[in-house]
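Novice: Give the three-dimensional model of this entry:
(2 chains)
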Amino acid sequence: MSELTDFDPDPLLRVDASEMSPVDLADEASAGLFARPGRTLLTVLGTVIGLAALVATLGLSSTASNRIVGRFDELAATEIVVSSRPTPRAGVSNEIPWDAAERLSRLNGVVAAGTLSRVDAGNVLISTAPVSDPTRRTDFDLSVQAVSPSAFPAVRAELSTGRFFDEGFSNRADRVAVLGTSAAERLSVVNLSTRPAISIGDEVFTVIGIVSDVGRQHDLVGSVIIPEGTARELYHLRAPEIVVVETALGANDLITAQIPLALRPDNDVALKVVSPPDQQRVRDAVESDLNLLFVVLGGVSLLVGAIGIANVTLVSVMERTGEIGLRRALGASRLHIASQFLVESSAIGFVGGIIGASVGVLIVVSVAAYQSWTPVLDLWLAVAAPLAGALIGLLAGTYPASRAAALEPVEALRSST
Amino acid sequence: MAEVATLELASVSRQYGDDAPIHALKNVDLRVERGEWVAIEGPSGSGKSTLLNILGCLDRPTSGSYLFKGLDVGALGDRERGGLRSRHIAFVFQSFHLLAHRSVVENVMLAEVYQRGSRRERRARAEAILDRVGLSHRFDYLPSKLSGGERQRVAIARALLGSRDVLLCDEPTGNLDTATGLAIMELLAGLHAEGLTIVMITHSPELAMIASRQVRIVDGELSDGSSAHGLSDYAPLEAWVPLEAADGGADGWPTDSLRLVGPLIEGTRVREGPAHGADVESSTGSDAGGS
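Specialist: Numbering: from 1, shown residues only, chains lettered A, B, ... in the order given. Reported below is the predicted structural model:
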């Protein structure tokens, strides 16, 4: 007798539990999803939006806080200011050597270093005109600073016109000056082509440049800046007052430790080395504030997506009551029914996670590109988002699946397919 | 030799609800032997569906015992009952219960989803069975493209795949016109002739007569069908075969299908022999004995 007609072979001694292979489970679940592709897509969309929002907000927040951190680093985290301690020990001077900038620039990790000193020119006013104009004030009390040529890059000075002085000017003790922009404004120096001169007391200086802005040592903007060599000759400057050092990112601690040895190997307590306060805590605070806000926003979107999955799966369970009854009649246990709906809802979440992560990354990259920021995104987000989606789908499917599993087959079959 | 009955209900009762309980079944005793075709006939609300659900392990009796091939199914858990349904019990429903979005062959393959096994072999078996019920040209159709009779054939093919012991039919022709319904009955008759045990519920005494044994259920109580109606009250099967159906045309496929079904039910030729009902019984008896 053929297999087909081999009915009712033997009396039943034992019965095997019904079982479903993972392949069949995946197959049935995907068939369930593809049965109503439009609805499945719309349901996926809910997770896509939620996870895209989450990935985008996390990505944007890390991109944005990276930018904030970057600004901190640029301005302060790479800065070291060296000054001499006020009280010298008996018989030992605490002065900064004149070649301090040169010595420091040899250190690996120093981007630029320059010396600056406030010049005591005597109680003199600074003016542009050799002749006093009675109609307006021409004499101003401005600070005079002597700097080494290498100080300009160290303080990130930007020229609006003219040039900086170099070693030659300094070595020759030339009477040249660079004006800070507000000093230039007060002295009414605008056009350098006429080679304007200013007088500091009785000494006349040619203005060769105007500094529009500085990144550090902001009082330079309101000062008359003259070469160090000139100040040494004219005003008997004894030693540089401070050294401003710009380090490479991350080299700050190292350089801070090396400076005393480099400048005063004979007296390691002569100098005061001030590196910026640790920005880490400030940055962390900013980051966590931003992150919290964004994560809450993303989480809310995700919750809405999860509710969407739960809702659609529940509707699907109700619609497919007849199918559930049939499957029970064909041997499915409650667990099999629940598994199928859980796999379906997890698959929706998983696919939503993949698409959502992609969309989110795209948003971050687009926004960053538009704002000329560097997109910063944790790689694990790309992996975690689909998993999170699947987990959300699983959780969202729990209630509908339990409803499906709880259906009495008799009741379920009564509803028509 | 006292053979173990395929299905045996002893004093089975089923009540719904605790306050003002509804007694759907009252102390039902029923024994279905191997190879029998039992028709359970009764009016709406008589409890016949409840009886079929209990026989199919879809429902549990409130009291009484149910032995399936000697095995007490009351002691089985959910998954064992699932296994029993998957491998031993087949259902055919009035409303077909085909999945609308799956092809004909996938609908049939569904019967073995809850048994582990290779998909390729499953598909081959499904195609063979579809071939046998005369639907070899419809493998990849969606159920919505099929006629009612074809849908029920798909459902029967699905029932035959995987479950070999007993076929439970719930008004299998209820949604079909007379000619198509009769063709389905012929198909069942053919399967029965090959040894398949069938329990069928119907509200139609005429259809019940095609079975080898009739029991009647009224208000949850079972009685021998012959006590309610004499066998001679009903015309034999041949009277229910409209000639135009046999000649083809009524449902698009009867010509072919009847020709296909014909060889299956040898000895039960619809237009031969004087007393067809008796013919079915005798052929059943010989087939069951030979299997």
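Novice: Name the helix or strand for residue 28, please.
Specialist: In the absence of a named chain, this looks at chain A. Per DSSP states H and E, residue A:28 falls inside helix A:22-35.
Novice: should've been chain B
Specialist: Under the criterion DSSP H and E, the helix or strand holding residue B:28 is strand B:22-32.
Novice: Describe which strands that strand pairs with in its sheet and in which direction.
Specialist: Taking DSSP bridges as the criterion, strand B:22-32 pairs within the sheet with strand B:7-16 (antiparallel).
Novice: what is the mean pLDDT for the partner strand?
Specialist: Average pLDDT, strand B:7-16: 90.
Novice: Can you name the residue of chain B nearest to chain A?
Specialist: Ranking the residues of chain B by distance to chain A (Cβ to the nearest Cβ) places residue B:86 first, at 2.4 Å. Glycine gets a C-beta too; all of them are placed from N, C-alpha and C.
Novice: what residues are up against that residue?
Specialist: Residue B:86 sits next to A:18, A:330-332, B:111-112, B:114-115, B:162-163 when contact means Cβ atoms under 8 Å, 6 or more residues apart in numbering or on different chains.
Novice: With residue A:46 instead?
Specialist: A:304-309, A:352.
Novice: do residue A:360 as well
Specialist: A:51-56, A:58-59, A:381, A:385.
Novice: check those residues against chain B, which are close?
Specialist: Restricting these to those near chain B by Cβ under 8 Å from any Cβ of the partner chain leaves nothing, as none qualifies.
Novice: and those, which of them are in helices?
Specialist: Among those, the ones falling in helices (DSSP state H) are A:51-56, A:58-59, A:381, A:385.
Novice: Serialize those residues to JSON lines and add fields for pLDDT and neighbour count.
Specialist: Listed next are the ones in helices among the contacts of residue A:360 as JSON lines, based on pLDDT from 0 to 100; neighbours: other Cβ atoms under 10 Å in any protein chain shown:
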{"residue": "A:51", "pLDDT": "84", "neighbour count": "31"}
{"residue": "A:52", "pLDDT": "86", "neighbour count": "27"}
{"residue": "A:53", "pLDDT": "81", "neighbour count": "23"}
{"residue": "A:54", "pLDDT": "82", "neighbour count": "28"}
{"residue": "A:55", "pLDDT": "86", "neighbour count": "28"}
{"residue": "A:56", "pLDDT": "84", "neighbour count": "27"}
{"residue": "A:58", "pLDDT": "80", "neighbour count": "22"}
{"residue": "A:59", "pLDDT": "83", "neighbour count": "25"}
{"residue": "A:381", "pLDDT": "83", "neighbour count": "19"}
{"residue": "A:385", "pLDDT": "88", "neighbour count": "28"}
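Novice: nearest residue to residue 105 other than its sequence neighbours?
Specialist: This is for chain A. Excluding the flanking residues, the one nearest residue A:105 by Cβ to Cβ, 6 or more residues apart in numbering or on different chains is residue A:113, at 5.2 Å.
Novice: my bad, the chain I had in mind was chain B
Specialist: residue B:139 (4.5 Å).
Novice: Remind me which helix or strand the one you found belongs to.
Specialist: Secondary-structure assignment from DSSP H and E places residue B:139 in no helical or strand segment.
Novice: quick revisit: would you mind measuring from the residue of chain B closest to chain A to residue B:129?
Specialist: Remark: distance between residue B:86 and residue B:129 (Cβ to Cβ, to the nearest Å) = 16 Å.
Novice: what do you get for residue A:122?
Specialist: According to Cβ to Cβ, residue A:122 and residue B:129 sit 115 Å apart.
Novice: Which secondary structure state is assigned to the residue of chain B closest to chain A?
Specialist: helix (DSSP: H, G, I helix; E, B strand; the rest coil).
Novice: Quick check, central residue of chain A?
Specialist: The centre of chain A sits closest to residue A:66, judged by Cα atoms, centre = their mean, with a distance of 0.3 Å.
Novice: Spit out the contact partners of that one.
Specialist: Neighbour list for residue A:66: A:373-374, A:376 [criterion: Cβ under 8 Å, 6+ apart].
Novice: For PyMOL, write a command that selects the buried ones of the residues you listed.
Specialist: Per 16 or more other Cβ atoms under 10 Å in any protein chain shown, the buried members of those correspond to this PyMOL selection:
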select buried, chain A and resi 373+376
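Novice: Regarding residue B:199, what is its secondary structure?
Specialist: Of the three states, residue B:199 takes strand under three-state DSSP.
Novice: hmm, back to that, is it true that the residue nearest to residue B:105 touches residue B:130?
Specialist: Yes. Applying Cβ atoms under 8 Å, one finds residue B:139 in contact with residue B:130, separated by 6.4 Å.
Novice: Give me the more crowded residue out of those two.
Specialist: Relative neighbour count places residue B:130 above the other of residue B:139 and residue B:130, with 25 against 16, counting by other Cβ atoms under 10 Å in any protein chain shown.
Novice: Okay, and that one sits in which element?
Specialist: When the helices and strands are read off by DSSP H and E, the one containing residue B:130 is helix B:119-132.
Novice: so where is the chain shaky, pLDDT-wise?
Specialist: Since no chain was named, I'll use chain A. A:1-13, A:65, A:67-75, A:87-92, A:129-134, A:136, A:276-291, A:294, A:416-417 (pLDDT under 70).
Novice: actually it's chain B I care about, not the one you picked
Specialist: Applying pLDDT under 70 to chain B flags the ranges B:1-2, B:225-291.
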